[in-house]
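[1] give the three-dimensional model of this entry:
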Amino acid sequence: MEWNDIFLKLFSDAVERYHSNPNISPERIFLSEEVQFIESIGYRPLELYQYIEDFATLGTPSPSTALLIAATRRNHFYTVQRSISGNSKTINANQLPPDSESFNDIPYLPRIIKKAEAKLFGTLDPNLMYYCGKDRDFLKKHGDIDPCDFLQIITSARGDRQKILTAVFHRMRQQEQATAASNEA
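    Next up, the predicted model:
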């Protein structure tokens, strides 16, 4: 079975476990072989649990979106980090820019950039979730950017905030043009 199939089965099984016992702790939702698999793709169990819990309770993000985010992280883990886990120091909520901090008059952009960078390097505190509700709202409002596309923007920008801003503005213009075209139709 390919890794993506294993991921989707694991995700589905964990959602079933969550539904049968919503009080199950993140430490107990995964079987030991599942924990090994999760770690082999550069993830931590609590990190994946965040996606399972949101899907089980909110219906989003979908399992395929969780898979694509995991695939982006996995690719970064294998190619950039050469399967070596990131710095053991994680980025916690206090180390992220506040929600209200802006970059070029776009509030929240500095925060989601820092979260995405930490997600790629495996240093985002597993109690935090890349593509949480606020991230979903931000990406939807600012060009309807797919969360994996945003991770790719972060990767290709290589820390250049101006390149990230340009990409976000480009996506926002595309969204405005598409909205205008559909309104004219």
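
[2] return the set of buried residues in stretch 26-43.
    Neighbour-count burial for stretch 26-43, counted by 16 or more other Cβ atoms under 10 Å, picks out 26, 29-30, 34-35, 37-38, 41-43. Where C-beta positions appear, they are placed from N, C-alpha and C, glycine not excepted.

[3] any idea which of those is closest to L10?
    E34 (5.2 Å; Cβ to Cβ).

[4] that closest one: what secondary structure?
    Under DSSP: H, G, I helix; E, B strand; the rest coil, E34 falls in the helix class.

[5] how much space between it and N21?
    Taking Cβ to Cβ, to the nearest Å as the measure, E34 and N21 are separated by 16 Å.

[6] contact partners for the spatially most central residue of the chain?
    Here the mean C-alpha position of the chain is nearest to the C-alpha of Y130 (Cα atoms, centre = their mean), at a distance of 3.7 Å. Y130 makes contacts with 69, 115-116, 118-119, 124, 147, 151, as judged by Cβ atoms under 8 Å, 6 or more residues apart in numbering.

[7] let's see it at 10 Å
    By Cβ atoms under 10 Å, 6 or more residues apart in numbering, the residues touching Y130 are 47, 50-51, 69, 72-73, 112, 115-120, 124, 147, 150-151.
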